[in-house]
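Colleague: from the sequence below, what's the structure:
(one chain, ligands or ions: 3)
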Amino acid sequence: MPTLAHHVPDPAQVPAGTTLTLTRPDDWHLHLRDDALLQAVLQHTAKQFRRAIVMPNLRPPVTTTALAVAYRERILAARPAGSDFEPLMTLYLTDKTPAEEIQRAKASGLVHAVKLYPAGATTNSDSGVTDLKHACAALEAMQATGMVLAVHGEVTDRQIDIFDREKMFIDNILIPLRRDFPGLRVVLEHITTRDAADYVRDSGGDIAATITAHHLLYNRNAIFTGGLRPHYYCLPVLKRERHRQALLDAATSGDARFFLGTDSAPHARGDKEADCGCAGCYTGLHALELYATAFEAAGRLQRLEGFASHFGADFYRLPRNTGTLTLRKQDWAIPSELPYGERTLVPLAPGETLGWTVALR
Ligand SMILES: NC(=O)N[C@@H](CC(=O)O)C(=O)O
Ligand SMILES: [Zn+2]
Ligand SMILES: [Zn+2]
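Modeller: Ligands and ions are numbered 1, 2, ... in the order given. Here you go, the predicted structure:
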């Protein structure tokens, strides 16, 4: 097997032992799953983040406020002892979501976004929206109540090259949608291209984007280094280096429209190492260490706090956290796998060494 050691960039800019203290960060795009997998991953996220926007793509999907409230209870029950982690719930938009469901979600105070999965775009998206014209009533209610629309921004037409699906979504779906609903508050999730970063930076109105650690650290070569690397496969798929550079520029620019969303998306090892492997990278274990590595490589560690701890809360109109988290420049070996039940989970960059450790909170 070829070594993966060259994968994580090797910045070596900051002396060992340096510490970086941030306001406690939040994760604005996270998959926690359910049952045994929820049990396995929640402890990792709860150590790193105070709050997270929890994605609703369970089977069956979280389509109602009642389901979101019940899911929230399961998450709270799975927290490690003493944890004050707070799940921020989302609803899964379908062709049939009624306006009243949006009003109920808003009134609950527990649902903070509604998620648009174009049907078939990604993991567990088959109940997603087939055509936005079916979602008009829900979108109007979202616009009226200020509920955030969180978007998986890829077209699903198989004729379109997979590397072009994000740009095509912006041009053909997002721009017309925002023209029809100018007051809609939108987060374009897990952006992967220069086109998306330019669009979010330059267009007017209430729009922001989340950026994952893996899209800041890797380009598409990572999927094919010496052979096929399923643990680097996610959607939207990693892109060319020039896109990675644009994302790193955006994340480290200090522009409040760009903030942290890990898109940590755990799948059992066997479900990724398969004929038709699942999309998703597991970064819940070491998200902040990965982001710190990317920001350090860009020479912009001082911009990490805004990105990780301020801008997302501001966009979601939630108070910024109190308390702090400290990262220390200290080598830390990423485990090659993690047990959960009878199965295992492979974190991003298994077996590699990161230069940062979460020291204390
Ligand atoms: N990002 C992924 O590759 N996978 C996510 C779904 C998603 O966020 O699109 C998952 O739920 O596994
Ligand atoms: Zn997605
Ligand atoms: Zn996701």
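
Colleague: so where's the stretch 251-361 of the chain uncertain?
Modeller: Scanning the stretch 251-361 of the chain for pLDDT under 70 picks out the ranges 361.

Colleague: buried residues in stretch 160-167?
Modeller: Under the neighbour-count criterion of 16 or more other C-beta atoms under 10 Å, stretch 160-167 has Phe163, Arg165, Glu166, Lys167 buried. C-beta: built from backbone N, CA, C; applies to glycine.

Colleague: phi and psi next, for the most centrally placed residue in the chain.
Modeller: Among the residues of the chain, the one closest to the centroid is Asp263, at 2.6 Å (C-alpha atoms, centre = their mean). Dihedral pair for Asp263: phi 50, psi 30, per degrees, to the nearest 10.

Colleague: from ligand 2, how far off is it?
Modeller: 7 Å (C-beta to the ion, to the nearest Å).

Colleague: what do you get for His152?
Modeller: Here His152 is placed at a distance of 4 Å from ligand 2 (C-beta to the ion).

Colleague: for that residue, give me its contacts.
Modeller: His152 makes contact with Lys115, Leu116, Tyr117, Pro118, Ala121, Thr122, Ser125, Glu189, His190, Leu235, according to C-beta atoms under 8 Å, 6 or more residues apart in numbering.

Colleague: gap between it and ligand 1?
Modeller: From His152 across to ligand 1, the span is 5 Å (C-beta to the nearest ligand atom, to the nearest Å).

Colleague: look up phi and psi at that residue.
Modeller: Note on His152: its backbone torsions stand at phi -80, psi 110 [degrees, to the nearest 10].

Colleague: now swap in Val237 and tell me
Modeller: Dihedral angles for Val237 - degrees, to the nearest 10 - are phi -60, psi 150.

Colleague: so how far is His29 from it?
Modeller: From Val237 over to His29 the distance is 16 Å, taken as C-beta to C-beta, to the nearest Å.

Colleague: and the two? which has more neighbours close in?
Modeller: Looking at Val237 and His29 with other C-beta atoms under 10 Å, you find the greater number of neighbours at His29, namely 27 against 17.

Colleague: right, and the residue nearest to the centre of the chain touches Trp28 too?
Modeller: No: using C-beta atoms under 8 Å, Asp263 is not in contact with Trp28, being 9.7 Å away.

Colleague: need the residues touching each of the two.
Modeller: Common neighbours of Asp263 and Trp28 (C-beta under 8 Å, 6+ apart) are Thr210.

Colleague: may I have the longest strand along the chain exported as CSV, CA atoms only?
Modeller: Across the chain, the longest stretch assigned as strand under DSSP state E is strand 324-333. Extracted as CSV, the C-alpha positions of strand 324-333 are listed here (Å, rounded to 0.1, in the frame of the first residue of the first chain):
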residue,chain,number,x,y,z
THR,A,324,-13.4,28.9,25.1
LEU,A,325,-11.7,26.0,23.5
THR,A,326,-7.9,25.7,23.2
LEU,A,327,-6.0,24.1,20.4
ARG,A,328,-2.3,23.2,21.0
LYS,A,329,0.3,22.7,18.3
GLN,A,330,1.2,19.1,19.1
ASP,A,331,1.3,16.0,17.0
TRP,A,332,-1.6,13.7,17.2
ALA,A,333,-2.0,10.4,15.4
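
Colleague: for it, packing partners?
Modeller: Applying 3 or more C-beta pairs under 8 Å, 6 or more residues apart in numbering; DSSP states H and E, one finds that strand 324-333 makes contact with strand 19-23, helix 287-297, strand 353-360.

Colleague: closest one to ligand 2 among the ones you listed?
Modeller: helix 287-297 (16.3 Å; C-beta to the ion).

Colleague: after the closest one, which helix or strand is next?
Modeller: helix 304-305 (DSSP states H and E).

Colleague: show me what that following helix is packed against.
Modeller: So helix 304-305, by 3+ C-beta pairs under 8 Å, 6+ apart, packs with strand 19-23, helix 287-297.

Colleague: most packed of these?
Modeller: Stretch with highest mean neighbour count among these: helix 287-297 (a mean of 24; mean count of other C-beta atoms under 10 Å).

Colleague: is it positioned near ligand 1?
Modeller: No: with C-beta under 6 Å from any ligand atom as the criterion, ligand 1 is not reached by helix 287-297; the gap is at least 13.9 Å.

Colleague: relative orientation of that helix and strand 324-333 in degrees?
Modeller: Put simply, helix 287-297 runs at 80 degrees to strand 324-333, going by axes from the mean of the first three to the mean of the last three C-alpha atoms, to 10 degrees.

Colleague: name the helices or strands packed onto helix 287-297?
Modeller: With contacts defined as 3+ C-beta pairs under 8 Å, 6+ apart, the packing partners of helix 287-297 are helix 35-48, helix 213-217, helix 241-251, helix 304-305, strand 324-333, strand 353-360.
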